[in-house]
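Asker: okay, structure incoming, though there's no sequence with it:
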């Protein structure tokens, strides 16, 4: 591998790292789906409280979203900002 | 491997990284399926609230979808934008 | 491995990456099966609401399907579009 | 390994990738089995609704089947289409 | 490893790939066993509905079987069709 | 490793692959055990329906057995048929 | 490792493969233990149905045993039959 | 790899480490989603206590958020502060 | 490693394989413990049926023991029979 | 890798170690989210005890936070204190 | 590693194998703890049946102990018997 | 890697080991969070017993904290005491 | 690594093996904690049976302790007895 | 790595082994947290039995602590006793 510069190795590892960072999405996916199921169940019981239930569900899901977004941010930074240009 | 340039190594790792990023889809898949099952159960109990239940379920599932989409976005960027062209 | 070009390495890693991307199918498979089971249970309780239950179940399962499809798309792109032809 | 060409490496990795892609079958297997169990339970309670229950169960299981089929498709493509013939 | 040709490497990886593909059998095994247990429970409660319960159970289990069969097919193809004979 | 021929490498990998294929046996083992437990429970409740319960349980377990047998078949083929004799 | 023949490598990998094949024993172990617990519980409730419960439990456990035995068979074959003697 | 300096290796490992750190996001994602689901359920039962429920849910979720933020902080430090510039 | 003969490599891999085979003991350990707990619970409810419960529990646990014993047998064979003495 | 000094290797491994340490955050994330959900549920039942419930929840969550903070501390030390400067 | 004899390699691998074999202790640990908890619960309900409950619990736990002991035996043999002294 | 001394290798492995030791924090995090949730639930039911519940919860959580602290201690020792300075 | 003798390699692997053997402690930790929780619950219900409950709980936990002790023994032997001194 | 002595390799592996040994702390952490939660719940129901419940809980948790302490002991021995000084 004599033609491979250090910059190339950094870029290659950044691509792997970006992929690893996205795996964090498993968590919010399961959690928010649980919230959606519980919300639908609750609406089915008290259709008149629908607005409040959805508001609560979305508020909670929005917080759960954050760690997925963090992973996205780190992946985007690794890919576009290229912070390790030596 | 003398004929392999650094660019080739970056591309090869990008392909692996794209595959890793898609694994995040396990989460939304389980979560949204849970939501679908709970939604169907709720509709079976209160068929008259069907519209509200489906709306709540889809809203929640749409939020859960996001982390899967993030993985797709990162994979597409790694594949097409080729951000690491040195 | 002197006869191996960089293009060959990219293609080999793309095949591995495509296989990794399909693993995401575990999630929708479990989730949609849960939905199917809950749907059959609900139909067994309220056969008269069958249409609504199936509609809800399929809507939810369709959303859960998406992350599996994302994996398929990325795998197909890695295989056919060959985005990394240097 | 001087007698190994790049094409050979691609084919070898394609075989591994095809095996990886089939692992996705764990998901639909668990999910559809859950659906079958819930369906049998529901039929046991309302034998007169048997037709509707089976229809719902099979519809839901058919959707869950898809990600398993995606894995099969990718594996078959990797094996037969040999998309990476350089 | 100078005596190893590319064809040998492909065959060796095909054997590994075939083994990996069979791991998918974990899913249907758990799922169908769940179905069998639920079916036996249901028959114990309504012995008179035995025919319908078994029919439903086997239908559902047959669908769950498919992903296991996909793995078998891919393994057999990798072993016997030898699609990668260069 | 100059004394190692390609045929030897194929045989060594076949032995590993056969071992991997047997791991699929975890699934049917758990599933059929669940069925046995549920069957014993059901017989304890309706001893008079014993024949029907056992029949259902064994039918379901027989289907769950299949993926374990698939793994056995692939392992036996890898070991005895030696499909990769170059 | 110049003193290592191909036959030695096959034997070494066969020992690893035999160990891997025994891991399948996790499944029947958990499943049959579940069956034993459920059987003991059922006997505690209907001591007069003890014979039937034990018969059902052992029948089901015998089926669950099979995949463990498959692993044993493959391990024994790998060890004693030495199918890969070149 | 003669053209690779020590600084390059540090940067490459930092990218991998940043990706690993984001995996911690699986935890808050599942936990906060559970909180959101429970909150929506509680609101559905006592819509008049909605304000208190949401306040409690968000307080608890904010605490759960912290470990995800820790991972983000470490990743950002690894990427931007470049603490290991020798 | 010029002083290492093929026989040494086989022995070393046999030791690893024996360790791997013992991991199967996780299954019976969990299963039999479940049986013991359920048995103790059942005896607590019907102390007069103690003999029958213990008999059932031990019968079931004896069957679950088998796969652990299989692993022991394979490990002992790998260690003492030394089947691979070339 | 002749241009890589020992200090570089230490720094590279420190970056990996810092990433590994953050994975501990999965635990508090799940646990605190469970606490938040249970707290919201409890507030929904006894809104008048809201202050006590939140106090208890936050106290417990604060203790659960500690192990996440330990990971953060170790990561920060590995990154900034650079304890291994030889 | 020219000073390393084959005997050394066997001993080193035996130490690793002994460590692997002890991992089987996870199973009995969980199982017997479950039995202890269930036993304590049962004694709390029927203190007068304490002797019978403890007898049953210990009998069951003794059987569950076996696979842990098998692992210990194999580890001790690997360490002290040194069966692979060439 | 000719410029790497043995001391450097020890330090690098110590950094990895410190990261591994922190992973133990997953356990207390989940456990203490469970305790916090159960405590909040109990306070919601008996607000008058709040002091006793919190005392019990914190006592139990303090014990659970220990293993997390052990990991922290070992990590700090590996980092600062530098016990392996040859 | 020319200065490394075979004895050094054995010692290094023994340290790794000792660490692996301690992982078995996960099992008794979870199991005994379950026993402690169930015991505390039972004492809360029948404080007058406290002595019997604690006796049963400790007896069961003592049995569960064994596999953890086995791991400790093997680790101590690997470290102090140094059975592999060639 | 010509400057690395055998003693250095042993020390490096000891650091890794110490880190591995601490992972056992996951078990007691989860188990003791479960005990704390159950204890708090029990105190909430019978505040007058608080002393007995806490005593039982701490006794059980003390036993569960042991395996975590074993890991700590082995890690400390590996680090400070330096048993492998050749």
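Answerer: Here it is on my side, so go on. These numbers come from a predicted model, not from an experiment.
Asker: for residue A:72, which residues are in contact?
Answerer: Listed by CB atoms under 8 Å, 6 or more residues apart in numbering or on different chains, the contact partners of residue A:72 are A:21, A:22, B:70, B:73, B:74. Glycine gets a C-beta too; all of them are placed from N, C-alpha and C.
Asker: helix or strand for the residue most central in space within chain A, which one?
Answerer: Closest residue to the average C-alpha location of chain A: residue A:68 at 1.8 Å, with CA atoms, centre = their mean. According to DSSP states H and E, residue A:68 maps onto helix A:50-76.
Asker: just want the angle from that helix to helix B:50-76.
Answerer: Calculated by axes from the mean of the first three to the mean of the last three CA atoms, to 10 degrees, helix A:50-76 forms an angle of 0 degrees with helix B:50-76.
Asker: tell me the buried residues in helix A:50-76?
Answerer: Using 16 or more other CB atoms under 10 Å in any protein chain shown as the test for burial, helix A:50-76 gives A:50, A:52-54, A:56-76.
Asker: report the secondary structure state of residue A:85.
Answerer: Following DSSP: H, G, I helix; E, B strand; the rest coil, residue A:85 is assigned to coil.
Asker: follow-up on the earlier one: identify the farthest-apart pair in the contacts of residue A:72.
Answerer: Using CB to CB, these span at most 12.4 Å, a distance reached by A:21 and B:73.
Asker: circling back: touching, the residue nearest to the centre of chain A and residue B:68? I think so.
Answerer: No - judged on CB atoms under 8 Å, residue A:68 makes no contact with residue B:68 at a distance of 9.3 Å.
Asker: joint contacts of the two?
Answerer: Jointly contacting residue A:68 and residue B:68 under the rule CB under 8 Å, 6+ apart are A:25, A:29.
Asker: residue in chain A nearest to chain H?
Answerer: Of all residues in chain A, the one sitting closest to chain H is residue A:31 (1.7 Å; CB to the nearest CB).
Asker: just give the nearest non-adjacent residue to the residue of chain A found nearest chain L, would you?
Answerer: Nearest residue of chain A to chain L: residue A:27, at 13.3 Å (CB to the nearest CB). Distances taken as CB to CB, 6 or more residues apart in numbering or on different chains place residue H:29 nearest to residue A:27, at 2.6 Å, with adjacent residues excluded.
Asker: what of residue A:22?
Answerer: Sequence neighbours aside, residue B:21 is the residue nearest to residue A:22 in space, at 4.0 Å (criterion: CB to CB, 6+ apart).
Asker: contact partners for that neighbour?
Answerer: Residues near residue B:21 by CB under 8 Å, 6+ apart: A:18, A:19, A:22, A:23, A:75, B:71, B:72, B:74, B:75, B:78.
Asker: can you give me the angle the host helix or strand of residue A:20 makes with helix J:6-22?
Answerer: Residue A:20 belongs to helix A:6-22 when assigned by DSSP H and E. Following the same axes, to 10 degrees, one obtains 10 degrees for the angle between helix A:6-22 and helix J:6-22.
Asker: show me what the helix or strand just after helix A:6-22 is packed against.
Answerer: Where DSSP H and E defines the elements, the next helix or strand beyond helix A:6-22 is helix A:26-45. Counting contacts by 3 or more CB pairs under 8 Å, 6 or more residues apart in numbering or on different chains; DSSP states H and E, helix A:26-45 packs against helix A:50-76, helix B:26-45, helix B:50-76, helix H:26-45.
Asker: quick one, what contacts residue A:77?
Answerer: Applying CB under 8 Å, 6+ apart to residue A:77 gives the contacts A:83, H:76, H:79.
Asker: I figured the first one hits residue H:79, correct?
Answerer: The reference is to residue A:83. Yes - using CB under 8 Å, residue A:83 makes contact with residue H:79 at a distance of 4.7 Å.
Asker: ok, back up a step: using a markdown table, please lay out the contacts of residue A:77 together with distance to chain L.
Answerer: Formatted as a markdown table, the contacts of residue A:77 follow (distance: CB to the nearest CB, whole Å):
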| residue | distance to chain L |
| --- | --- |
| A:83 | 21 |
| H:76 | 18 |
| H:79 | 18 |
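Asker: between the residues you listed, which sits nearest residue C:44?
Answerer: residue H:76 (52.5 Å).
Asker: just the pLDDT for that closest one.
Answerer: pLDDT recorded at residue H:76 is 92.
Asker: over to residue A:64?
Answerer: Residue A:64 is assigned 90 on the pLDDT scale.
Asker: what's the model's confidence in the helix holding residue A:20, averaged?
Answerer: 89.
Asker: and if you look at stretch A:34-41?
Answerer: 94.
Asker: what's that stretch in contact with?
Answerer: The contact list for stretch A:34-41, computed with CB under 8 Å, 6+ apart, reads A:53-54, A:56-57, A:60-61, A:64, B:31-32, B:34-39, B:41-42, B:53-54, B:56-57, B:59-61, B:63-64, H:33-34, H:36-38, H:40-41, H:44.
Asker: which of the contacts of residue A:77 lies closest to residue F:11?
Answerer: residue H:79 (47.4 Å).
Asker: burial measure for that closest one, as a count.
Answerer: By the measure other CB atoms under 10 Å in any protein chain shown, the count of residues near residue H:79 is 21.
Asker: can you name the residues of chain A sitting close to chain D?
Answerer: Contact residues, chain A versus chain D (CB under 8 Å from any CB of the partner chain): none.
Asker: which parts of chain A sit against chain J?
Answerer: A:27, A:31, A:67.
Asker: which ones are touching the first one?
Answerer: Yep, that's residue A:27 we're talking about. If you count contacts by CB under 8 Å, 6+ apart, residue A:27 has them with A:64, A:67, A:68, B:27, H:25, H:26, H:27, H:28, H:29, H:30, H:33, J:29.
Asker: got it, and the last one?
Answerer: Neighbouring residues of residue A:67 by CB under 8 Å, 6+ apart: A:24, A:27, A:28, H:24, H:25, H:26, H:28, H:29, H:65, H:68, H:71, J:29.
Asker: tell me which of the residues you listed is nearest to residue C:4?
Answerer: For the contacts of residue A:67, the closest approach to residue C:4 (CB to CB) belongs to residue A:24, at 34.6 Å.
Asker: how close does the closest one get to residue H:68?
Answerer: 8 Å (CB to CB, to the nearest Å).
Asker: do the same with residue A:82
Answerer: From residue A:82 to residue H:68 the distance is 25 Å (CB to CB).
Asker: what of residue A:56?
Answerer: In terms of CB to CB, residue A:56 sits 21 Å off from residue H:68.
Asker: got it, and residue A:36?
Answerer: Residue A:36 is 20 Å from residue H:68, by CB to CB.
Asker: residues near the closest residue in space to the residue of chain A closest to chain H that isn't next to it in sequence, how many?
Answerer: Leaving out its chain neighbours, the residue that sits closest to residue A:31 by CB to CB, 6+ apart is residue H:33, at 1.7 Å. If you count neighbours by other CB under 10 Å, residue H:33 ends up with 35.
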